[in-house]
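# This is the structure alone, sequence omitted:
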């Protein structure tokens, strides 16, 4: 009997061990589940550009920066600040944060911390903070506390105050790991691709990126009653510790082979066969032709602003007129901003092989100018404002196609500065001056931050002088959009009860102001 008992115990223990080995797929060398951080970073960085560029198509319609020439309702509904019912359109960043990054990003962070790969941990937290900041500014309430749980199908949302606070925690985690020294030198792995592809192994520039993200978050809070005392100086502090010059600009680079996938901006905006997202709006044409302080040129062929001819396409070689489109109308006579991308000679940031910007020095200087102007420090605000303009001239030159275009010269910049569109002293500076330049600086790539600007000032045309006001039937729900509802597949199928709790099943949900634009905490 005792012998039989020992045999049974042995068989049970052996069976349990076998089951463990059978179920532990992470130990399968031909199908590993625990991937090293070094292998995860490149696709994670790519998805930053891919997710943002996809959803920026809709945001730019709200901003009137880039419109369509199609009469299709699926295109125009965004220009009317509506939202297509039961559609996945406008939800790619949702997928980016919870799936494309998702567990992959968390695995990268976990592996980095467990194995003292502190560079990867720092980058991981920086990317995570950026992703959730973008997502909450786009959608409002999002999944935070219950994100990435694998044993449930429905998830609770957290509102923006909690998400904003968590983003700051992740920023601080990134800064903490940036201060740690890894026992092994990972610079070869980090720089095995392009060393300037969103900084890769340049930890100093990642540090600046994190400080820039903090500044961008705080500038959203201009309506909070204590903004001047609590946030304005912090924004200036963060900007000063962020990018030192345009050479620090954060961008995702692509090799470029004249194919649809060579340039994520071109492929996502142009789609080559559609006309939904590739016409410059009239506001940018007006801003670049005298509309910052005076009356824009009608049917312009030239402008004192040298950026006009470098950023925008002419209507046709015969009349050489720069034309912009309007929302809710046919824009078929407006030139395609992409130019001839298929042959590799596209325009500006839409040129083949051009990198996709995520944050720039010029943008951050205007963020600083905005904060200090609101605080009442006009002198320092003016200094940052001028720096932002000069920096954007440099930015535009970076995208010049030297085969058929000339770079902006110092003489052209000097003529523009003295030409009447730029206040010549701090005493003459206005908020509209700053936000008008910021509109130009963010045109084409900074759609989400531009939308944050428009929303926090409630689409005020005294601040955004060339924004085309909409009313009545021009707006789907008789007001401007303040949030985009979460994507259909995951939320309307599995999480409808949570959407309902926030009012997300109501069509008018999209015109409800998000927390960051309100005066309340």
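It's in. Since this is a predicted model, take the numbers as computed values, not measurements.

# Would you map the strands across the protein?
All strands of the chain, identified by DSSP state E, fall at 66-67, 142-143, 157-158, 250-252, 279-280, 339-340, 345-346, 356-359.

# Format those strands as TSV; extra columns: distance to residue 292.
Using the backbone N, CA and C atoms, a C-beta is placed for each residue, glycine as well. Output for those, formatted as TSV (distance: least, Cβ to Cβ, whole Å):
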stretch	distance to residue 292
strand 66-67	20
strand 142-143	36
strand 157-158	39
strand 250-252	26
strand 279-280	17
strand 339-340	25
strand 345-346	27
strand 356-359	22
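
# Which residue is the nearest non-sequential neighbour of residue 123?
residue 206 (6.0 Å; Cβ to Cβ, 6 or more residues apart in numbering).

# Quick check: that neighbour vs residue 178, distance?
In this view, residue 206 and residue 178 are 7 Å apart by Cβ to Cβ, to the nearest Å.

# Give me the more crowded residue out of those two.
residue 206 (23 against 19; other Cβ atoms under 10 Å).

# wait, doesn't that one sit right on residue 171?
No. Applying Cβ atoms under 8 Å, one finds residue 206 not in contact with residue 171, separated by 11.2 Å.

# how many other residues sit next to residue 39?
With other Cβ under 10 Å as criterion, residue 39 counts 14.

# Might you report the residue contacts of it?
With contact set as Cβ atoms under 8 Å, 6 or more residues apart in numbering, residue 39 has no partners.

# going forward, begin numbering at 11 instead of 1
I'll keep to 11 as the first residue from here, and by that count the last item is residue 49.

# Would you confirm that residue 325 contacts residue 334?
No. In this structure, residue 325 is not within contact of residue 334 by Cβ under 8 Å, at 10.2 Å.

# if we can go back for a sec, what's the overlap in contacts for residue 216 and residue 188?
residue 132.

# picking that back up, identify the contacts common to residue 325 and residue 334.
What both residue 325 and residue 334 touch, as defined by Cβ under 8 Å, 6+ apart, is the set residue 344.

# between the two, which one's more packed in?
residue 334 (26 against 16).

# In contact with the more buried one, which residues?
289-296, 344.

# Filter these down to the ones in helices?
Counting by DSSP state H, these place 292-296 in helices.

# Roughly how far does the closest residue to residue 287 other than its chain neighbours sit from residue 416?
Spatially, and ignoring its direct neighbours in sequence, residue 287 is nearest to residue 67 (4.3 Å; Cβ to Cβ, 6+ apart). Going from residue 67 to residue 416 by Cβ to Cβ gives 30 Å.

# Now the common contact residues for residue 216 and residue 181.
With Cβ under 8 Å, 6+ apart, residue 216 and residue 181 have common neighbours residue 136.

# Low-confidence ranges, this protein, go.
The chain contains residues with pLDDT under 70 at 11-44, 96-98, 202-206, 264-285, 349-356, 498-499.

# returning to what we had before: same drill for residue 67 and residue 416, tell me which one is more crowded.
Neighbour count, other Cβ under 10 Å: between residue 67 and residue 416, residue 67 has more, with 22 against 12.

# Do I have it right that that one meets residue 454?
No. With contacts counted by Cβ under 8 Å, residue 67 stays clear of residue 454, the gap being 11.5 Å.
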